[in-house]
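K.L.:
okay, here's the prediction I keep looking at, along with the sequence it came from:
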Amino acid sequence: MKAREALSMTLAAPAVLSSKKNFTANPVIGSAQFNERGLHRWRVERSHAMSNRRRAAMAAKLDPAEREAFDRDGYVIRENALPPELFEAFSAELEANRRKAWEMVQGDTATRLMPLPVSDGSAGAKVRSYLRSPIFRDLTGYAAGRSGGYNPVLQTVAVNPDPSRPDPQVTLHADTFHPTAKFWLFLHDVNIEDGPFAFAPGSHRLTPERLAWEHEQSLKATSAGHNEHHAGGSFRMSEEGLKALGYDRPVTPLPVKANTFVVADTYGFHRRTAAQKPNARVAIHGMLRRNPFLPWNGADPSEIPGVDGRLIWLLFASRDAMARIGKPNKYRSVGEKLAGDISVG
């Protein structure tokens, strides 16, 4: 091993004990030699064991019925999530006010993100605060396998179905190698023809067959024939292959009514259902993905006063700055838009 390569491996090694997942971006995580000896398998097995212990410490805080649903299915659906008066006030605010927006286009689908205000007295700020209260925070932390802070944002998924430009998110996949949570508070009805979120119930559980499959995928993640998402650590899966991993329940689309909260462990296999008509699905979206190798819940630096609520704005500001010097991010600024606008750009 040359000195430069040795230095690169040394600098990359600490990421093994983190949430980093990209096989192409890290020479240790993506090392065929290390993964043949079981590195990825160890990361999967150890992160799940630690997540199970942290979940056990949080279990008593949850509604028993929701905890049972999550343990069985890997997701929870909570209807009438916001108080009616708050939901109505926020809905009216969305229809009237344009917000700063950033968009990412994948195939025939654009995902638009709009940060919510933190403390300006608006309905948006109140919704943000409500979604970070214990009744949501505890459930989201349990789904993620580790509690902590998160920044809800307004998300619009605008789709104009076009078979020649497929959305990669309609392919069944897992987000990463360890438990992690994503949630959506849907602001309008999402019917089956609109392309709702779909999940393979029970696939959040680590079975012996899944662990063996994870090991196999780690050996060929960067080989020819696998797409960039697979190589990036978000493994793709065929629906026909679920039974071989110990999952005997079919992928289930989850159409919902307005004001429904859905949270899922996206280590479980999931996808978007292919939309059958042009539409814009508007939701408040959040994600909780923390280092799975640390033993404690909470104690999240992102929640330090003065930092909390501002990181998302700093993130987009940094992306804009990089775009100005010729290094654009997949999300690009599109000025101010209404949340329900189906047009892109």
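P.N.:
That came through, no problem. Residues are numbered from 1 along each chain as shown.

K.L.:
what's the strand or helix carrying residue 46 in contact with?
P.N.:
Assigned by DSSP states H and E, residue 46 falls within helix 39-58. Outside helix 39-58, the residues within contact range by Cβ atoms under 8 Å, 6 or more residues apart in numbering are 16, 28-29, 31, 35, 138, 141-142, 145-147, 177-179, 206, 211, 214-215, 217-218, 292-297. For the C-beta atoms, the positions are set from N, CA and C on the backbone; glycine is no exception.

K.L.:
buried subset of these?
P.N.:
When the contacts of helix 39-58 are checked for burial by 16 or more other Cβ atoms under 10 Å, the buried set is 16, 28-29, 31, 35, 138, 141-142, 145-147, 177-179, 206, 211, 214-215, 217-218, 292-293, 297.

K.L.:
for this protein, which segments are assigned as strands?
P.N.:
Along the chain, counting by DSSP state E, strands occupy 75-78, 99-106, 109-115, 153-159, 181-186, 197-199, 252-253, 260-265, 270-272, 279-288, 332-337.

K.L.:
now, of those, which is deepest in the fold?
P.N.:
strand 181-186 (a mean of 25; mean count of other Cβ atoms under 10 Å).

K.L.:
quick check: the gap between the nearest residue to residue 293 once chain neighbours are set aside and residue 77.
P.N.:
In this structure, residue 293 finds its nearest non-sequential neighbour in residue 17, 4.7 Å apart by Cβ to Cβ, 6 or more residues apart in numbering. Counting by Cβ to Cβ, to the nearest Å, the separation of residue 17 from residue 77 is 34 Å.

K.L.:
and stretch 47-64, average pLDDT?
P.N.:
Stretch 47-64 shows a mean pLDDT of 99 in the predicted model.

K.L.:
could you do stretch 73-85 as well?
P.N.:
On average, stretch 73-85 scores 99.

K.L.:
how far does that stretch sit from the chain's center?
P.N.:
Here stretch 73-85 is found 18 Å from its chain centre; the criterion is Cα atoms, centre = their mean, to the nearest Å.

K.L.:
CSV for the strands of the chain, including distance to residue 223?
P.N.:
Converted to CSV, those look like this (distance: least, Cβ to Cβ, whole Å):
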stretch, distance to residue 223
strand 75-78, 32
strand 99-106, 23
strand 109-115, 28
strand 153-159, 31
strand 181-186, 28
strand 197-199, 28
strand 252-253, 31
strand 260-265, 28
strand 270-272, 23
strand 279-288, 29
strand 332-337, 31
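
K.L.:
centre-most residue in the chain?
P.N.:
Nearest to the mean C-alpha position of the chain, counting by Cα atoms, centre = their mean, stands residue 182 at 4.3 Å.

K.L.:
contacts only, for that residue.
P.N.:
Neighbouring residues of residue 182 by Cβ under 8 Å, 6+ apart: 175, 263-264, 266, 285-287.

K.L.:
check it and give its pLDDT.
P.N.:
You'll see residue 182 listed with a pLDDT of 99.

K.L.:
quick one: it from residue 253, how far?
P.N.:
16 Å.
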